[in-house]
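>>> Below is the sequence, then the predicted model.
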Amino acid sequence: MEESKKAIKWMEENNVPLLKWVSSSPDLSPIETLWHEMKKVLRQHPARTITELRQKLQEIWDCFTPNFCQNLG
């Protein structure tokens with residue numbers, strides 16, 4: 001629970017909009033497609049350090065276009 005509080009605080013500090021969805025909402029399943037794509041890239045180019053992992057995650061995230069995100073699911 002403490003980690004989720006830290007994540008929420010970080011998102012608020014970085015102006016990431018928080019959405020009020022119940023965890024069982026069918027609207028959440030499209031995110032699985034995004035996670036799958038991120039994992040696929042990380043498996044092809046594994047990070048060796050936490051810093052490198054953060055950089056790679058940011059690079060992958062930056063590659064997701066609005067069109068890709070709108071068509072998740």
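Arrived safely, thanks for sending.

>>> Endpoints of stretch 54-70, how far apart?
24 Å (Cα to Cα, to the nearest Å).

>>> name the element the closest residue to Val16 other than its chain neighbours belongs to?
Here the nearest residue to Val16 in space, its sequence neighbours aside, is Trp10; by Cβ to Cβ, 6 or more residues apart in numbering that works out to 7.9 Å. No exception for glycine: its C-beta is placed from N, CA and C like everyone else's. Counting by DSSP states H and E, the element that carries Trp10 is helix 2-13.

>>> immediately after that helix, which helix or strand?
Assigned by DSSP H and E, the successor of helix 2-13 is helix 30-44.

>>> now for that next one, which elements pack on it?
helix 50-63 (3 or more Cβ pairs under 8 Å, 6 or more residues apart in numbering; DSSP states H and E).

>>> contacts for the helix it packs on?
By Cβ atoms under 8 Å, 6 or more residues apart in numbering, the list of residues contacting helix 50-63 from outside reads Glu37, Met38, Val41, Leu42, His45, Ala47.
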